[in-house]
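Undergrad: need a structure here:
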Amino acid sequence: MSKVRTRFAPSPTGRMHVGNLRTALYEYLIAKHEGGDFLLRIEDTDQNRYVEGATEIVYNTLAKAGLIHDEGPDKDKGYGPYVQSERVATGMYLEYAKQLVEKGEAYYCFCDKERLEDLHKEAEKRGEVAKYDKHCLQLTKEEVQAKLDAGVPYVIRQNNPTEGHTVFNDILYGDITVPNEDLDDMVLIKADGYPTYNFANVIDDHLMEITHVVRGNEYLSSAAKYNRLYEAFGWDIPIYIHCPIITDENHKKLAKRSGSSSFEDLLEQGFLPEAIVNYMALCGWSPNSDQEIFTMDELIKEFDYTRISKSPAVFDIVKLKWMNSEYIKKMDDETYYEYALPVIKETITKDLDIKKIADLVKTRIEVFPDITEKIDFFQELPEYDIAMYTHKKMKTNSENSLEVLKEMLPLFEALEDYSIPSIEKVAMDYVAGKGCKNGQALWPLRTAVSGKQMTPGGAYEIMEILGKEESLRRIRIGIEKLS
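TA: Residues are numbered from 1 along each chain as shown. This is a model prediction of the structure:
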């Protein structure tokens with residue numbers, strides 16, 4: 001086999017859907033696993049869907065995801081241009097289409113919009129899938145030339161047989177046989193002179209020597225028509241890998257309106273690029289082990305595309321959050337602070353040790369925006385219900401909590417060194433002298449200084465960060481509430 005070459009060929013239509021990201025990832029891993037090349041090609045022939053700035057989104061997404069292309073618009077290795085609109089300008093697609101016309105594998109179609117709509121309506125009445133009826137295939141060469149000379153608008157259609165079968169192979173699905181009567185004569189060159197997505201793909205993949213084509217299985221039904229084009233030109237057919245669709249938890253195709261459908265959506269929600277990539281690798285593929293956390297190098301080494309599933313992959317945001325939390329836990333301090341401190345500074349404006357606050361939440365968050373809800377009590381003691389002082393397991397209630405706070409308040413008032421060891425010693429000495437359980441003292445204390453049922457740290461850590469004056473103020477508020 002020649003050197004493995006894969007390509008990611010997105011259309012610049014906005015943010016990158018996670019399904020497209022997964023396609024790019026699988027193509028990257030296939031190429032790198034075999035020591036091959038990963039290409040970027042921009043398919044912008046559908047001008048109606050073009051979104052300004054979307055090409056930059058493609059570059060930024062690939063860079064942040066760590067999918068570095070070997071060739072592309074910015075890295076021409078002799079197979080360019082790598083932007084389809086620039087390739088259109090060379091006239092190459094029309095020339096290839098004309099070659100097919102000469103071979104009888106394609107033909108000019110001059111049918112207007114009204115006639116095509118009538119064909120669709122008639123097919124609907126019969127309960128059939130609309131197909132072109134080869135009407136213009138009957139035109140003589142002279143009739144075709146006369147229409148071309150007269151400037152009659154046209155498209156060029158593929159001429160598919162109506163009898164027999166076409167067989168194509170997919171790595172995941174094996175050999176698939178399609179009755180030729182089901183094949184529509186798809187348009188190759190549109191009336192505006194631009195190639196269709198399907199035609200340009202075949203031409204470009206051949207000219208760029210692409211060996212493996214990865215795409216969603218929604219394109220499985222088009223593969224037979226692709227094969228007929230390859231065969232008509234006498235070209236080698238690439239290896240097809242049609243991946244399963246990605247669904248939401250309700251098993252419906254993951255839609256843009258879900259709010260988590262694009263790479264940029266997930267970044268904005270506080271997910272790390274590495275965690276997203278790791279998760280997307282497993283969204284339709286399984287390694288030959290129980291390992292779930294992978295570095296990019298490990299993915300490259302382990303990736304075997306024959307282990308891609310045919311079943312739809314459910315996008316599980318809960319699983320992604322778990323994976324993201326594992327990445328956060330393993331972060332070095334410098335990188336962690338780079339992500340966490342901006343969130344903390346937006347929440348805490350008081351002069352507190354924000355690095356200590358950051359350390360408290362590192363193992364307790366799934367995404368960085370979680371920090372706000374976990375630490376907001378440092379900024380301001382929230383209003384809380386005294387029912388929080390009652391905890392059956394700790395054997396605390398409003399009455400004994402009030403007693404504990406009243407007795408501990410003067411002990412902390414007398415404390416000069418307000419560090420965790422000193423605070424802990426006061427509390428433990430009180431517990432020993434009182435003859436009570438730790439929780440009977442610490443639960444009321446933590447509730448008073450935080451006003452929250454759940455906190456990222458215990459009473460000692462919270463009191464050290466708040467400082468003596470604020471801690472005592474909050475304990476007094478607790479006493480007042482309970483009195």
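
Undergrad: how is this structure carved up into domains?
TA: 5-86+246-314, 91-243, 331-379, 386-482 (automatic domain parsing).

Undergrad: Put together JSON lines for the ones you listed, with mean neighbour count on each row.
TA: (Glycine included, C-beta is placed from N, CA and C.) Below are those laid out as JSON lines (neighbours: other Cβ atoms under 10 Å):
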{"stretch": "domain 5-86+246-314", "mean neighbour count": "18"}
{"stretch": "domain 91-243", "mean neighbour count": "16"}
{"stretch": "domain 331-379", "mean neighbour count": "16"}
{"stretch": "domain 386-482", "mean neighbour count": "17"}
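
Undergrad: lowest-confidence stretch among these?
TA: Note on these: domain 5-86+246-314 shows the lowest mean pLDDT, a mean of 92.

Undergrad: so how far is that one off the chain centroid?
TA: Relative to its chain's centre, domain 5-86+246-314 lies at 8 Å (Cα atoms, centre = their mean, to the nearest Å).

Undergrad: How far does it stretch from one end to the other?
TA: Using Cα to Cα, to the nearest Å, the gap from the first to the last residue of domain 5-86+246-314 comes to 29 Å.

Undergrad: Which strands and helices lie in contact with the helix or strand where residue 359 lies?
TA: Per DSSP states H and E, residue 359 falls inside helix 354-361. Applying 3 or more Cβ pairs under 8 Å, 6 or more residues apart in numbering; DSSP states H and E, one finds that helix 354-361 contacts helix 333-347, helix 370-379, helix 459-466.

Undergrad: The second one versus helix 354-361: what angle between them?
TA: Here helix 370-379 points in a direction 120 degrees away from that of helix 354-361 (axes from the mean of the first three to the mean of the last three Cα atoms, to 10 degrees).

Undergrad: before we move on, the earlier item: of the domains of the chain, which is nearest residue 324?
TA: Distance to residue 324, taken as Cβ to Cβ, is lowest for domain 5-86+246-314 among the domains of the chain, at 4.2 Å.

Undergrad: Now do the strands in the stretch 1-150 of the chain.
TA: Taking DSSP state E, counting those that start in this stretch, the strands of the stretch 1-150 of the chain run over residues 5-8, 37-40, 106-109.

Undergrad: List the contacts of the second one.
TA: Spelled out, it's strand 37-40. Strand 37-40 is contacted from outside by 3-9, 27-28, 31-32, 58, 62, 67-73, 77, 79, 82, 208, 210, using Cβ atoms under 8 Å, 6 or more residues apart in numbering.

Undergrad: With the first one instead?
TA: Among residues not part of strand 5-8, those counted as contacts by Cβ under 8 Å, 6+ apart are 23-24, 27-28, 30-31, 36-41, 62, 67, 69, 204-205, 208-214.

Undergrad: switch to 6 Å and redo it
TA: 24, 27, 30-31, 36-41, 209-212 (Cβ atoms under 6 Å, 6 or more residues apart in numbering).
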